[in-house]
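>>> quick one, fold the following:
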Amino acid sequence: MKNDTIKTKASNQTVAVIDIGTSAIRMVIAEVSPKQDIRYLENLHKPIRFGKDVFTNNKISNTSVREAIAILKNYVEVIKSYGVRRVQAIATSAVREASNRDNFIDQVYVRTGLDIEVVEGPEENRLELIAVEHALGDEIPLKERNCLIVEVGSGSTEIIILNKGQVEVTRTISLGSIRLPEVARGAKTDEMMMQRILRRNIRDVASYLANEYSLENIDTFIALGGDMRFVARQLSEKQNGKYAVIDKKAFLNFIAKIAKTTPEEMVSQYGIAIGQAESVYGSLLFYLNFMGETKAQEIFIPSTSIRDGLVLEIAQMLSMYKRTDVAKQVLNSARHLGEKYKYDEKHSLTVAQLAMKLFDQLKEHHGMGSKERLLLEVSAILHDIGSYIAPSSHHKHSSYLVDASDIFGLRKTDKNIVSNVVRYHRRSVPRKTHVAYMSLPKTDRAMVSKLAAILRVADALDHGHQQKIKNFTIKASEDTVTIWVSEECGDITMERHGILKKGDLFSDVFGASIQIKQSHGKT
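So this is what the prediction gives:
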């Protein structure tokens, strides 16, 4: 309940995060200090039937829309009573997959004033990792362990694999506690049948993941989600407020007990909602079978969620402190994607390095910041991955592969930009007839043009894939930008030809031609 005696300090800010999930709409309200201290004031939870609607009929029913709007109107009143200055509202798998999601989002905005952001799987993974690192990072050496982080939701399962602190794999699987495999739905009352079906499905997932990382190497199993926090409350004696630890044997025994307990008995015995009681057994089987693919013998259960990740990120944005740096994880994910498609690593990383130097030295010309710089570096790393499909038109194949892949830490809008930038690293420049480009917002189209112009030049500087040019200086006049390289680079005929061939977009975007010259001595 709301504590009427709480008064927000003048230097603090009160923020709200709303999470529209598959089976519930949740909201947290927190007070954030300039030092990023977070004090939670309110934690609300209201059940909703979005999952049953969407996973059965592919759309949110009118009844559920009305119920959701009524819940959100009440939340808005709570928000007003706290004097909240910033609200972040997100929606996950059910809304993401609903055929009428745009209509739902519009109705919510019209009726409540809340602007909902539909987050994709990679964005969920990023926020979850922020929350996990905050909860565990000071006490568990994640950088020394191989971790599998799993959250089984009602409609989807999120997976993150960390190899010594680095993100190796992220996946969103369209299976959850109420979205069971089709053959498992009829076996809900048969414990052994459910076990076999889920074990088979999860082994298929593990086999697929083994192409990038074997779950047999995992030594630390981290479980997120309300169902596992429920288990922690029943079993864990090792709780410190941030996380709990339970051993595998105790977990197995608890699942065996749950299997023999009816949902009505669980409601009475544990005080949980009937909706959770009906789905918790399937959820716990997911966790058990994922854990069974690893060598971990205990489960770490952080007292955290995607909402905590959002609150923490808002706290960092509002404070004068440095935000969590996800750039290294984003670039690591991009390199893994490059490796998956057998990219020319030396060439791609050289082009990325050259693109960063161009970006930094041309700052007065392009006026972009750190976010755009990161998107350019990702684009440079991935610009040639389409050669895995075919060398001809590989720029188009690269664009397709970026679209079809998960890149940790990038939102869908960011990935759209990267996809378009790699599309234009060679051949045609952006045109009004190009649907993918024209479907971007105007500001994003301008960004794509500037980033692609820089990437084309960087690619031209390693035209022969020989890494001749590593350093340069830039001299700019009113109508010409000159790249000066040293004579130590040797014969740069191919690079001159590349600049002449690929400098057209740079000239169009920045209003100045670009050329390369060789000086005597070092640059």
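>>> pretty sure residue 302 sits against residue 136.
Yes. Taking contacts as Cβ atoms under 8 Å, residue 302 lies within contact range of residue 136: 6.0 Å. Just so you know, the C-beta spots here come from the backbone N, C-alpha and C atoms, and that holds for glycine as well.
>>> so what sits against both of these two?
222, 242-243 (Cβ atoms under 8 Å, 6 or more residues apart in numbering).
>>> highest neighbour count among those?
Per-residue neighbour counts (other Cβ atoms under 10 Å) across the shared contacts of residue 302 and residue 136 peak at residue 222, which has 26 neighbours.
>>> list the contacts of that one.
132, 136, 147-150, 299-302.
>>> same check, this time on residue 148
By Cβ under 8 Å, 6+ apart, residue 148 lies in contact with 159-161, 215, 218, 220-222, 290, 294, 296.
>>> now, which of those sits nearest residue 349?
residue 161 (22.8 Å; Cβ to Cβ).
>>> that closest one should be in a strand, yeah?
Yes. Using DSSP: H, G, I helix; E, B strand; the rest coil, the assignment for residue 161 is a strand.
>>> so the residue nearest to residue 490 when sequence neighbours are not counted: helix, strand or coil?
Excluding the flanking residues, the one nearest residue 490 by Cβ to Cβ, 6 or more residues apart in numbering is residue 468, at 6.0 Å. Here residue 468 is coil, with the state taken from three-state DSSP.
>>> and residue 468, how far from residue 414?
Distance, residue 468 to residue 414, using Cβ to Cβ, to the nearest Å: 32 Å.
>>> and residue 420, by the same measure?
11 Å.
>>> likewise residue 125?
Counting by Cβ to Cβ, the gap from residue 125 to residue 414 is 14 Å.
>>> neighbour-wise, which of these two wins?
Using other Cβ under 10 Å as the criterion, residue 125 and residue 414 rank with residue 125 on top: 28 against 19.
>>> quickly find the element holding the residue nearest to the more buried one when sequence neighbours are not counted.
Nearest-residue entry for residue 125: residue 170, 4.3 Å, with adjacent residues in sequence omitted and distances by Cβ to Cβ, 6+ apart. Assigned by DSSP states H and E, residue 170 belongs to strand 166-173.
>>> please apply the same query to residue 72.
Residue 72 belongs to helix 62-82, assigned by DSSP H and E.
>>> residues near residue 317, how many?
Residue 317, neighbours per other Cβ under 10 Å, totals 12.
>>> what does residue 434 give?
Applying other Cβ under 10 Å, we find 14 residues neighbouring residue 434.
>>> list the contacts of it.
Contacts for residue 434 (Cβ under 8 Å, 6+ apart) come out as residue 428.
>>> what of residue 164?
By Cβ under 8 Å, 6+ apart, residue 164 lies in contact with 143-146.
>>> okay, residue 325: pLDDT?
With respect to pLDDT, residue 325 scores 64.
>>> typo on my end, it should be residue 184
pLDDT at residue 184 comes out at 51.
>>> ditto for residue 459
So, for residue 459, pLDDT stands at 97.
>>> wait, it sits on residue 422?
No. If you go by Cβ under 8 Å, residue 459 and residue 422 don't touch, sitting 10.3 Å apart.
>>> show me which of these two is the more surrounded one.
Remark: of residue 459 and residue 422, residue 422 carries more neighbours, 31 against 23, as counted by other Cβ under 10 Å.
>>> that one in helix, strand or coil?
State at residue 422, reduced to three classes by three-state DSSP: helix.
>>> now do the same contact list for it.
By Cβ under 8 Å, 6+ apart, residue 422 lies in contact with 379, 382-383, 385-386, 395, 398-399, 402, 455.
>>> the residue nearest to residue 125 reaches residue 336, doesn't it?
No. With contacts counted by Cβ under 8 Å, residue 170 stays clear of residue 336, the gap being 9.8 Å.
>>> those two - which one has more neighbours?
residue 170 (25 against 20).
>>> how much space is there between that one and residue 316?
21 Å.
>>> now do residue 209
Per Cβ to Cβ, residue 209 is found 31 Å from residue 316.
>>> ok, residue 484 next?
Note on residue 484: its distance to residue 316, by Cβ to Cβ, is 40 Å.
>>> and residue 516, by the same measure?
Taken as Cβ to Cβ, the span from residue 516 to residue 316 is 41 Å.
>>> the two: who's more crowded?
residue 516 (22 against 16).
>>> which residues touch the more buried one?
461, 482-485, 492, 495-496, 499.
>>> from those residues, list the buried ones, please.
Buried by 16 or more other Cβ atoms under 10 Å: 461, 482-483, 485, 492, 495-496, 499, out of these.
>>> can you show me the strands along the stretch 401-523 of the chain?
Taking DSSP state E, counting those that start in this stretch to define them, one finds strands in the stretch 401-523 of the chain at 473-476, 480-486, 513-519.
>>> quick one: closest of the ones you listed to residue 311.
strand 473-476 (42.5 Å).
>>> and that closest one, what does it pack onto?
The contact analysis (3 or more Cβ pairs under 8 Å, 6 or more residues apart in numbering; DSSP states H and E) places strand 473-476 against helix 345-361, strand 480-486.
>>> just the helices in the stretch 1-150 of the chain please.
50-57, 62-82, 93-97, 101-112, 121-136 (DSSP state H, counting those that start in this stretch).
>>> export these to a markdown table and tack on mean pLDDT and distance to residue 427?
Formatted as a markdown table, those follow (pLDDT from 0 to 100; distance: least, Cβ to Cβ, whole Å):
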| stretch | mean pLDDT | distance to residue 427 |
| --- | --- | --- |
| helix 50-57 | 89 | 40 |
| helix 62-82 | 97 | 46 |
| helix 93-97 | 92 | 34 |
| helix 101-112 | 97 | 34 |
| helix 121-136 | 88 | 28 |
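>>> residues contacting the closest residue to residue 266 other than its chain neighbours?
Leaving aside its sequence neighbours, residue 266 sits nearest to residue 277 (Cβ to Cβ, 6+ apart; 4.0 Å). Going by Cβ under 8 Å, 6+ apart, residue 277 touches 263-264, 266-267, 270.
>>> after the worst-scoring helix or strand of the chain on mean pLDDT comes which helix or strand?
Every helix and strand in the chain was compared by mean pLDDT, DSSP states H and E; the lowest is helix 182-185, with a mean of 49. Sequence order places helix 191-209 as the next helix or strand after helix 182-185, per DSSP H and E.
>>> with just CA atoms, put that next one into PDB.
C-alpha atoms of helix 191-209 as PDB (Å, rounded to 0.1, in the frame of the first residue of the first chain):
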ATOM      1  CA  GLU A 191       3.800 -35.700 -15.100                       C
ATOM      2  CA  MET A 192       6.100 -38.100 -16.900                       C
ATOM      3  CA  MET A 193       4.700 -37.200 -20.300                       C
ATOM      4  CA  MET A 194       5.200 -33.500 -19.600                       C
ATOM      5  CA  GLN A 195       8.800 -34.200 -18.500                       C
ATOM      6  CA  ARG A 196       9.600 -36.100 -21.700                       C
ATOM      7  CA  ILE A 197       8.000 -33.600 -24.000                       C
ATOM      8  CA  LEU A 198       9.700 -30.600 -22.500                       C
ATOM      9  CA  ARG A 199      13.100 -32.400 -22.100                       C
ATOM     10  CA  ARG A 200      13.000 -33.200 -25.800                       C
ATOM     11  CA  ASN A 201      12.100 -29.600 -26.800                       C
ATOM     12  CA  ILE A 202      14.800 -28.100 -24.600                       C
ATOM     13  CA  ARG A 203      17.400 -30.600 -25.900                       C
ATOM     14  CA  ASP A 204      16.500 -29.400 -29.400                       C
ATOM     15  CA  VAL A 205      17.200 -25.900 -28.200                       C
ATOM     16  CA  ALA A 206      20.500 -26.900 -26.500                       C
ATOM     17  CA  SER A 207      21.500 -28.700 -29.700                       C
ATOM     18  CA  TYR A 208      20.800 -25.600 -31.700                       C
ATOM     19  CA  LEU A 209      22.700 -23.400 -29.300                       C
END
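>>> with adjacent residues omitted, what lies nearest to residue 381?
Nearest non-adjacent residue to residue 381 (Cβ to Cβ, 6+ apart): residue 334, at 4.6 Å.
>>> what's opposite residue 42 in the beta bridge?
Beta-bridge partners recorded for residue 42 (DSSP bridges): residue 29.
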